[in-house]
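Colleague: here is the input, now give the coordinates:
(2 chains)
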Protein chains: 2
Amino acid sequence: MTLFEADITDQLTYDRDGLIPAIVQDVHTRQVLMMAWMNAEAFNQTRATGEAVFWSRSRGEIWHKGATSGNVQRVVEMRVDCDADTLLLLVEPAGPACHTGETSCFYRTAQELTPQESSTHDV
Amino acid sequence: MTLFEADITDQLTYDRDGLIPAIVQDVHTRQVLMMAWMNAEAFNQTRATGEAVFWSRSRGEIWHKGATSGNVQRVVEMRVDCDADTLLLLVEPAGPACHTGETSCFYRTAQELTPQESSTHDV
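Modeller: You can find the predicted model right below:
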């Protein structure tokens, strides 16, 4: 599946690492599920497959979301912001977006970020 | 207004520029309006005022959204993702989020990013 025909990859504004942030929103519930990063290759693979493909900054490799968990995200629409440096993906998720099993990675309010939990992002 | 009491600023994961991305979503319509960046000072000012305050990367200064346009964003809730490196602000906007006058900065689908429009983010 190709979401659109024109080659617009080089019209996106990537950061100095060659990445662009991609917000993922459930197209039906409108819940914001996660934010991840794409390079041009991930963007092209997302277009080519119709499923969300990112660049994993921690692993330094292309990351087909759900390839191992099965929780793929079918991309219904890709939107771009006014200065073309952020993407918004409207998706139908096959399962939870978060590795914790939560539907959305934004499962905590900021006040729930207690000192006791602060170490979780260091592991 | 203080959104919450605990000092959790130092528990957020900032990037090497000391910034953290903040997704802004309309709390009522659930539309994703924009993405901007915060440093610790912007985060603290957002908490202290209850209105969205960002760090303008282009101007290199604190940016109280709507200070000149009047289109402030009242922050109803701040959420944080699993690894504490992205924020989600649920807001009541007083007007359009985008400098173009559009409700959301994501007013184009990716296929609308034509070569003719590509120069708009270079000015």
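
Colleague: just checking, A:Ile23 touches A:Val91?
Modeller: No. A:Ile23 lies out of contact with A:Val91 (Cβ atoms under 8 Å); the separation is 10.4 Å. In this view, the C-beta of every residue, glycine as well, is placed from N, C-alpha and C.

Colleague: tally of neighbours for the nearest residue to A:Glu61 once chain neighbours are set aside?
Modeller: Distances taken as Cβ to Cβ, 6 or more residues apart in numbering or on different chains place A:Trp55 nearest to A:Glu61, at 7.6 Å, with adjacent residues excluded. By the measure other Cβ atoms under 10 Å in any protein chain shown, the count of residues near A:Trp55 is 22.

Colleague: which one is the spatially most central residue of chain A nearest to, not counting chain neighbours?
Modeller: Nearest residue to the geometric centre of chain A (Cα atoms, centre = their mean): A:Ala36, 3.9 Å. Spatial nearest neighbour of A:Ala36, chain neighbours left out: A:Phe54 (4.1 Å); criterion: Cβ to Cβ, 6+ apart.

Colleague: likewise for A:Thr100?
Modeller: Leaving aside its sequence neighbours, A:Thr100 sits nearest to B:Cys82 (Cβ to Cβ, 6+ apart; 5.8 Å).

Colleague: so that neighbour, which state does it fall into?
Modeller: coil (DSSP: H, G, I helix; E, B strand; the rest coil).

Colleague: phi, psi of it?
Modeller: Here is the backbone geometry of B:Cys82 (degrees, to the nearest 10): phi -60, psi -40.

Colleague: tell me how many other residues crowd it.
Modeller: 19.

Colleague: same thing with the one 4 residues further on?
Modeller: Using other Cβ under 10 Å, B:Thr86 has 24 other residues around it.

Colleague: and the residue nearest to it when sequence neighbours are not counted, what pLDDT?
Modeller: Nearest residue to B:Thr86, sequence neighbours excluded (Cβ to Cβ, 6+ apart): A:Met35, at 4.7 Å. At A:Met35, the model reports a pLDDT of 98.

Colleague: which strand or helix spans A:Met35?
Modeller: Using DSSP states H and E, A:Met35 sits in strand A:32-38.

Colleague: can you give me the angle that strand makes with strand B:32-38?
Modeller: Counting by axes from the mean of the first three to the mean of the last three Cα atoms, to 10 degrees, strand A:32-38 lies at 60 degrees to strand B:32-38.

Colleague: now find how far off-centre whichever helix or strand comes after strand A:32-38 is within its chain.
Modeller: Sequence order places helix A:40-49 as the next helix or strand after strand A:32-38, per DSSP H and E. Chain-centre distance of helix A:40-49: 12 Å, with Cα atoms, centre = their mean, to the nearest Å.

Colleague: what comes up buried for the following helix or strand past helix A:40-49?
Modeller: Next in sequence after helix A:40-49, counting helices and strands by DSSP H and E, comes strand A:53-56. Neighbour counts over strand A:53-56 (16 or more other Cβ atoms under 10 Å in any protein chain shown) mark A:53-55 as buried.

Colleague: what's the mean pLDDT across the helix or strand just after strand A:53-56?
Modeller: Using DSSP H and E, the helix or strand that follows strand A:53-56 in sequence is strand A:61-64. In this model, strand A:61-64 has an average pLDDT of 98.

Colleague: what lies in contact with strand A:61-64?
Modeller: Outside strand A:61-64, the residues that touch it by Cβ atoms under 8 Å, 6 or more residues apart in numbering or on different chains are A:36, A:41-42, A:45, A:49, A:51-56, A:72.

Colleague: in CSV, list these along with distance to A:Cys105.
Modeller: Shown next, in CSV, are the contacts of strand A:61-64 (distance: Cβ to Cβ, whole Å):
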residue, distance to A:Cys105
A:Ala36, 9
A:Glu41, 23
A:Ala42, 18
A:Gln45, 21
A:Thr49, 22
A:Glu51, 18
A:Ala52, 13
A:Val53, 17
A:Phe54, 13
A:Trp55, 17
A:Ser56, 14
A:Val72, 16
